[in-house]
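Q: coordinates for the following, if possible.
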Amino acid sequence: MTQNPHSPAPQPRPVFSQLPAYSAGKPAAKVEGLEQYKLSSNENPFGPVASVAEVLSSFDQVHRYPDPLSTELRTKLSEQLGVDAEDIVTGAGSLGALQQMMATFAGGNPDGTQDEVIYAWRSFEAYPIVVGLAGAKSVQIPNLADGSHDLDAMAAAITDRTRVILLCTPNNPTGPALTEDQVRKFLVKVPKNVVVVIDEAYFEFCAVSPLDANEQPPVNGLDVYPDYNNVVILRTFSKAQGLAGLRVGYSISHPELTQHLRVGATPFAVSRLAERAAIASIDHSDEVMNRVEHLVEEREKMVKRLKELGYDVPKTRANFVWLPLGERTPEFSALADANALSVRAFGTEGVRVSVGEDEANARLLQVCEEFISAN
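A: Sure thing, here's the model as predicted:
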């Protein structure tokens, strides 16, 4: 049958025209005489530890389907974190776990109404995409001036259509983290039928971050979720463990939620290779955390120097720094490109810079000094 070239082409659902496109970090531009460094994707510049690399090089089971429940990984996580293995549901990165959650708890309804999902903005740029694809409505609450969540405003935005609330801590891309006290006071204001997600993709960097005098430590979701049947923790092996390309993450919650999440989970989302690499990362977590500690030390050096130069840098607990440059954002991004550094620019809001190799961090600070001297 011959197709009519003038006939209407298939069209996506109307929601697609309303969704932002996810913008992944780009590689650095080539500049003669300079090594390129990618500081745009919050990747671990050192990759996985040596023992994990050995697992990757010897893997020979790509022709076999993985265990859809990732039983070995969940068992290992259960031992490491002190939680019930039945409370853990794996996914393709923490984003995959989040997509499972949206598919399960928020969307469109038979009467044409949309469930609502509340989250801070700016925050992780995938949030509006996964919410929209689920058929739900985003309720974005502007961050406070210091880049942190406005929890009072988020609580005030709860309606009878609210189904999920996302707490990104540390917040990507601005960096501040919530404390346990803040989270618990917020949860008191949330109805028990609303799922509260504590997105801790950068938790390991929080765990070793130095504290100022009288400063409360960042929240550890594991200390909170046992007391709340509507709380879900999201974590990943992409950041601290350097497994971003393998896509393995997980959620932790009570059986009241996991029984439904497993139904909505994508079958075989975590490959056997990813599972084995994650297990090896757990077995060598001391080596992983040594690298994390080095990155945090580099982060603190960067923040200190940036403040000396006059930059308004929010307190960051992750492996990145936020520069709220406003209208000057594109100019800074172009200067970084000219120095073979890629950074993540957000329109005319600011620039997120990942902590990278020591040489990359030093060059970035040189760029920052040049930029502020010229302005």
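Q: quick one: low-confidence parts of the chain?
A: Low-confidence segments of the chain (pLDDT under 70): 1-5, 22.
Q: ranges for the helices of it?
A: Shown for the chain, the helices assigned by DSSP state H span residues 50-58, 71-81, 93-105, 127-133, 151-156, 180-187, 203-207, 255-264, 272-283, 285-309, 329-338, 358-373.
Q: how far does the fourth one sit from the chain's center?
A: When C-alpha coordinates are averaged (Cα atoms, centre = their mean, to the nearest Å), helix 127-133 and its chain have centres 14 Å apart.
Q: packing partners of that helix?
A: In terms of contacts (3 or more Cβ pairs under 8 Å, 6 or more residues apart in numbering; DSSP states H and E), helix 127-133 is packed against helix 93-105, strand 116-121, strand 137-142. (Each C-beta comes from the backbone N, C-alpha and C, glycine too.)
Q: rerun that using 6 Å as the cut-off
A: Judged by 3 or more Cβ pairs under 6 Å, 6 or more residues apart in numbering; DSSP states H and E, the packing partners of helix 127-133 are helix 93-105.
Q: number of nearby residues for Ser51?
A: Ser51 has 14 neighbours, counted by other Cβ atoms under 10 Å.
Q: contacting residues for it?
A: When contacts are counted by Cβ atoms under 6 Å, 6 or more residues apart in numbering, Ser51 touches Ala280, His284.
Q: if we go to 10 Å?
A: Shown in contact with Ser51 (Cβ atoms under 10 Å, 6 or more residues apart in numbering): Ala277, Ala280, Ser281, Asp283, His284, Glu287, Val288.
Q: now, among those residues, which is nearest to Lys239?
A: Here the nearest of the contacts of Ser51 to Lys239, counting by Cβ to Cβ, is Val288; it sits at 10.4 Å.
Q: what residues sit buried inside stretch 31-50?
A: Neighbour counts over stretch 31-50 (16 or more other Cβ atoms under 10 Å) mark Tyr37, Lys38, Leu39, Ser40, Ser41, Asn42, Glu43, Asn44, Pro45, Gly47, Pro48, Val49 as buried.
Q: related to what we said a few turns ago, what's the most distant pair in the contacts of Ser51?
A: Ala277 and Glu287 (13.5 Å).
Q: filter the buried residues of stretch 31-50 down to the ones in strands?
A: Secondary structure from DSSP state E places Tyr37, Lys38 of the buried residues of stretch 31-50 in strands.
Q: now, which of the buried residues of stretch 31-50 sits nearest Glu359?
A: Among these, and counting by Cβ to Cβ, the member closest to Glu359 is Tyr37, at 7.3 Å.
Q: nearest residue to that closest one other than its sequence neighbours?
A: Spatial nearest neighbour of Tyr37, excluding adjacent residues (Cβ to Cβ, 6 or more residues apart in numbering): Ala360 at 3.6 Å.
Q: separation between that neighbour and Gly135?
A: According to Cβ to Cβ, to the nearest Å, Ala360 stands 41 Å off from Gly135.
Q: tell me which of these two has more neighbours.
A: Ala360 (23 against 16).
Q: pull the contacting residues for the more buried one.
A: Counting by Cβ under 10 Å, 6+ apart, Ala360 has contacts 28, 35-39, 45, 298, 340-342, 353-354.
Q: mind listing what the residue nearest to Asn44 when sequence neighbours are not counted touches?
A: Nearest residue to Asn44 in three dimensions, chain neighbours excluded: Gly242, at 3.8 Å (Cβ to Cβ, 6+ apart). Applying Cβ under 10 Å, 6+ apart to Gly242 gives the contacts 43-49, 52-53, 277, 281, 288, 291.
Q: quickly note the distance from Gly242 to Ser209.
A: Using Cβ to Cβ, one obtains 19 Å as the distance from Gly242 to Ser209.
Q: residues touching the residue sitting nearest the centre point of the chain, list them.
A: The centre of the chain sits closest to Ala201, judged by Cα atoms, centre = their mean, with a distance of 4.6 Å. By Cβ under 10 Å, 6+ apart, Ala201 lies in contact with 42, 93-95, 98, 124, 168-170, 172, 234-240, 249, 318-319.
Q: if you set the cut-off to 7 Å instead, what comes out?
A: Ser94, Leu234, Arg235, Thr236, Lys239 (Cβ atoms under 7 Å, 6 or more residues apart in numbering).
Q: again, but for Leu56
A: By Cβ under 7 Å, 6+ apart, the residues touching Leu56 are Leu273, Ala277.
Q: Asn229 too?
A: His254, Glu256.
Q: domains in this protein, by residue range?
A: Domain ranges of the chain: 24-42+288-373, 50-283, per automatic domain parsing.
Q: and the shortest one, end to end?
A: Using Cα to Cα, to the nearest Å, the span of domain 24-42+288-373 from its first residue to its last is 30 Å.
Q: centre of the chain to it, how far?
A: 18 Å.
Q: on that earlier part again, the residue nearest to Tyr37 and Met289: what is the separation?
A: From Ala360 to Met289 the distance is 21 Å (Cβ to Cβ).
Q: returning to what we had before: between the contacts of Ala360, which is nearest Pro8?
A: Closest to Pro8, out of all of the contacts of Ala360 and judged by Cβ to Cβ, is Ser342, at 39.8 Å.
Q: quick one: contacts for that closest one?
A: Ser342 makes contact with Gly25, Lys26, Pro27, Ala28, Lys38, Leu39, Ser40, Ala336, according to Cβ under 7 Å, 6+ apart.
Q: and the fourth one, how far from Asp67?
A: Read that as Ala28. Counting by Cβ to Cβ, the gap from Ala28 to Asp67 is 38 Å.
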